[in-house]
Every structure is written in C-alpha cells, then in structure tokens.
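Student: kindly generate the corresponding structure for this input.
(chains A and B)
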Amino acid sequence: MIIAERKPLEEILSMIGQARSVLIAGCATCVADCMAGGEREVGILASALRIAQRQRNGDVEFVEATVERQCEREFIDRIRELVEKADIVISTACGIGVQAMAERYGTKPIYPGVNTRFLGLREEEGLWTERCGACGDCTLHLTGGVCPVARCSKSLLNGPCGGSTKGKCEVSDEIDCGWQLIVDRLKALGQLDLLEVNIPPKNWASGRHGGPRKVIKKELRDEKRK
Amino acid sequence: MELYIFACQHRVPDEWRPPFSPEEISGHRVRLIQLPCSAKLSTVQLLRPFEKGIGGIIVLACSESGCRSLEGSRRARLRVLEANNVLDELGMSGARVLIKQADERDKMPIIEAVNELSDRIEKLGPSEEVRREKGEGSEQMEKPGLNPAKGSIKK
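Tutor: A predicted model of the protein is given here:
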C-alpha cells in the first residue's frame, strides 16, 4: 500500500490562509491503513485545527468527510456538495488522491494534508517499511522475492556490495542489508545458484525518468466508446 | 478550571455511579464520563473537549495486566500519548491528558489525580499562542495561581 505521514500542523495551518470554510477530505484505503489520512485521522486533524483556531481567535469552519478511495472518480463525486461549499480542501489522501480531487474540481484549491512517502507494508504496530520502488522492471523472481531497488540502500542489482556487517547496512545499523536478505531467502529456497545470474543494467525506460508513466490494457479499452 | 474524566467502569467508585456524578472536585468543574472499557476512548474524543477550551483530561484505566478486555488499558495509554503529541504540536505542551492505570475504584486516587493535573496545568498556563496574543510573559504564568481547596467534592 501507499504509505504517508501527516504534515506538521503549522504547515497545514499556513495553507489555510484566509479561507473561512475548510473541508478535510480523507481516504479510507491506504492512508487509513497507515493511519495518516483515514476517517480517524481526519477527525484528529480537524480537532487539532479547531483547537489552533481557538488559540488564534479564528472562525474557520472545518468540515470532515472521508471517501472509500480518493483515487477513483466515482467515490470523490460523492462529496461534490461539500467540496463546492468549502473555500479550500485539505486532502489527507496520497498524492494520487490529491491530484484526482484537483482534476475533478478544477476551480477548487485542493491542498495536501499528508506527505506521501513510499510503497510499503506494516511491519508491526506503528511501523511501516518500504518494499517496492515502482521501478517498472521487476526482478523479484531473481532475488528471492526481496526487492534490491527498494531494500538495498544503493539499489544494487548485483550485490552485496561488501559494506554490510552482521547483516546490517553500512548506511545505518538500523537498516537490514537488502542483499543479505536476498541471500538468506535464496538459501531458504534452495536457489542460491540464482546469485550467479548477472542481472543486466535495468531498463530505466520503464522508470519515471521518461516523464509520467501510464499502463494501458488494450483488452480493457473499448475504442468504439471513445 | 474544567476537567474531563474518562473512566473505565471498573475504576468508578460505587458512590459515583449514576445517577450521582461529581460536578466539582477540589474546586474544579469536572465531567465524569463512564466507559465500559478505557479502550472505547478514541484519540479524537480526547481532543474534542480542548476545542471548547477545557483545562485537561484524566483517563482512568485498569492496570495493563488487569484489564478485562486484555488490550484496553494499553490502547488507552497509546491514545493518550497520541493526543498529548497533537497538543504538543499545538503549543499546549506538558501532557494535559493524564492517564492513571490501577486496579482500584477508590475516590482518593481520583481526587489526587485531579489535584496533580490541575497543578500541572496551572504551572503550564494556556498555550504559547494565547500567551503571545495576550502579551503575557513566562514570569506571569509562573505566578502561583489561586488554588482552590484541595480534596473537596461538590455534587
């Protein structure tokens, strides 16, 4: 899932500016799972902003709404009335949700309430870690299901680099060496011979250096309907 | 000063059960909200009263090993931590939400908790922003307040 973190309150307050009515729009999918922008966090943010308003003798109205997924237009259409009434919208969805809202409501300022961090998973209570770099050219079948792009600090495709000690990366003692994880996993799978495979330089054409990416599934596109 | 007390039903003294509810403890207005378990308390419930300008909140939970819902008291502790972090960010630092975990339902520890929190808040004063707007200095905030008589309860 997409992992995000709420922005500092001061930064959010600076976005509000002269607005008198603010809609705080949450998303009940990824950012709810990582406890950054779901219904619960929308409530906390709205309450915090109301307390801040009280401190500043302001009279801004904060309205709360959370949709199932802000990255899907049919869901964000359901809060159209609230969006239209508000002066600005603080979206606690990931960057995709913020942009989906901005595209849907062309003349309404839509501001981000969270910083979108990475694609990852919840490792334990209150801890999320990165798992995928969305590089567009997956090599997980060669690396025991451990991503060298996201989990090796140097994103080495052919490792290890020699800088790890006792399974930890030289970048930080708190970071597991990605390639140690790969070797351990290949050993468990009985596939250590895969370490002999030289992964060729990545085809970064599928990365994001060529501009915004898109995925097209021709079989799902009804050209006649265009 | 107005204080809210959110209490697990197992921490409420018998004489404070409905329809009786204390309205004042040690000269402070209190609102006692009884919960089936402290885990029912959400972070936003701990923040909303501050929107109205209350002084602080006391959460009365069972001990973590004695919680009948197993996880309830631990979850309450984490939510108190989260609420205090938000208040810190707002310049209202100093743990204005106080949690007391214990396996007892006596009045005295609650009165002591009210005194502890009210003393703490009186020392802290209102948030930094409010003080700045009012042009108050830190020396003013450190002046001893008019502490109401401690230990008294008014229905």
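Student: please make it C-alpha for all contacts and neighbour counts, starting now.
Tutor: Fine.
Student: any low-confidence regions in the chain?
Tutor: You didn't say which chain, so I picked chain A. By pLDDT under 70, the weakly predicted segments of chain A are A:210, A:226.
Student: that answer is for a different chain, and I need it for chain B
Tutor: In chain B, residues with pLDDT under 70: B:126-155.
Student: all strands for it, in order.
Tutor: Remark: strands assigned in chain B by DSSP state E are B:2-8, B:24-25, B:28-35, B:56-61, B:97-101, B:153-154.
Student: buried deepest among those strands, which one?
Tutor: Of the strands of chain B, the one with the most neighbours on average (mean count of other CA atoms under 10 Å in any protein chain shown) is strand B:56-61, at a mean of 27.
Student: name the helices or strands packed onto it?
Tutor: strand B:2-8, strand B:97-101, helix B:108-124 (3 or more CA pairs under 8 Å, 6 or more residues apart in numbering or on different chains; DSSP states H and E).
Student: possible to save the strands of chain B as CSV with distance to A:A36?
Tutor: Listed next are the strands of chain B as CSV, based on distance: least, CA to CA, whole Å:
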stretch, distance to A:A36
strand B:2-8, 25
strand B:24-25, 37
strand B:28-35, 27
strand B:56-61, 24
strand B:97-101, 22
strand B:153-154, 41
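Student: does B:R79 touch B:T43 like I think?
Tutor: Yes: using CA atoms under 8 Å, B:R79 is in contact with B:T43, at 5.2 Å.
Student: the lengthiest helix in chain A and chain B in contact?
Tutor: Using DSSP state H to define each element, chain A has its longest helix at helix A:39-55. Yes: Helix A:39-55 lies within reach of chain B by CA under 8 Å from any CA of the partner chain, at A:40, A:43-44, A:47-48, A:50-52, A:54-55.
Student: could you find the closest non-adjacent residue to A:L189?
Tutor: Excluding its sequence neighbours, the residue lying closest to A:L189 (CA to CA, 6 or more residues apart in numbering or on different chains) is A:G144, at 7.6 Å.
Student: and the one you found, what does it touch?
Tutor: Neighbouring residues of A:G144 by CA atoms under 8 Å, 6 or more residues apart in numbering or on different chains: A:182-183, A:185-186, A:189, A:191.
Student: so what touches the longest helix of chain A?
Tutor: Residues from elsewhere that reach helix A:39-55, judged by CA under 8 Å, 6+ apart: A:9, A:13, A:24-28, A:32, A:35, A:59-60, A:62-66, A:92, B:43-44, B:47-48, B:50-51, B:53, B:86-87, B:90, B:127, B:129-130.
Student: could you flag which of those are buried?
Tutor: The neighbour-count criterion (16 or more other CA atoms under 10 Å in any protein chain shown) marks A:9, A:24-28, A:32, A:35, A:60, A:62-66, A:92, B:43-44, B:47-48, B:50-51, B:86-87, B:90, B:127, B:129-130 among these as buried.
Student: is the one helix or strand A:A65 maps to up against chain B anywhere?
Tutor: Element membership for A:A65, per DSSP states H and E: strand A:61-67. No: Strand A:61-67 lies apart from chain B when judged by CA under 8 Å from any CA; the minimum separation is 11.9 Å.
Student: alpha carbons only: can I get that strand in PDB?
Tutor: Taking C-alpha atoms only, strand A:61-67 is exported to PDB below (Å, rounded to 0.1, in the frame of the first residue of the first chain):
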ATOM      1  CA  GLU A  61     -15.300  26.100   9.800                       C
ATOM      2  CA  PHE A  62     -13.800  22.700   9.500                       C
ATOM      3  CA  VAL A  63     -15.900  20.000   7.800                       C
ATOM      4  CA  GLU A  64     -14.900  16.400   7.800                       C
ATOM      5  CA  ALA A  65     -15.600  13.800   5.100                       C
ATOM      6  CA  THR A  66     -13.900  10.500   4.100                       C
ATOM      7  CA  VAL A  67     -14.500   8.600   0.900                       C
END
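Student: in chain A, which strand has the most residues?
Tutor: Counting residues, the longest strand found in chain A (DSSP E) is strand A:114-124.
Student: quick one: strands adjacent to the very next helix or strand once past that one?
Tutor: Toward the C-terminus, strand A:114-124 is succeeded by strand A:127-132 as the next helix or strand (DSSP H and E). Strand pairing for strand A:127-132, using DSSP bridges, gives strand A:114-124 (antiparallel).
Student: before we move on, back to that, any idea how far the longest helix of chain A is from the chain center?
Tutor: Centroid separation for helix A:39-55 versus its chain: 22 Å, with CA atoms, centre = their mean, to the nearest Å.
Student: mind saving the C-alpha coords of it as CSV?
Tutor: C-alpha atoms of helix A:39-55 as CSV (Å, rounded to 0.1, in the frame of the first residue of the first chain):
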residue,chain,number,x,y,z
GLU,A,39,-11.6,8.8,8.9
ARG,A,40,-9.9,8.6,12.3
GLU,A,41,-7.0,10.8,11.3
VAL,A,42,-9.4,13.3,9.6
GLY,A,43,-11.2,13.6,12.9
ILE,A,44,-7.9,14.2,14.8
LEU,A,45,-6.7,16.7,12.2
ALA,A,46,-10.0,18.6,12.2
SER,A,47,-10.0,18.7,16.0
ALA,A,48,-6.4,19.9,16.1
LEU,A,49,-7.1,22.7,13.6
ARG,A,50,-10.2,23.7,15.6
ILE,A,51,-8.1,24.0,18.7
ALA,A,52,-5.5,26.0,16.8
GLN,A,53,-8.3,28.3,15.5
ARG,A,54,-9.5,28.8,19.1
GLN,A,55,-5.9,29.8,20.1
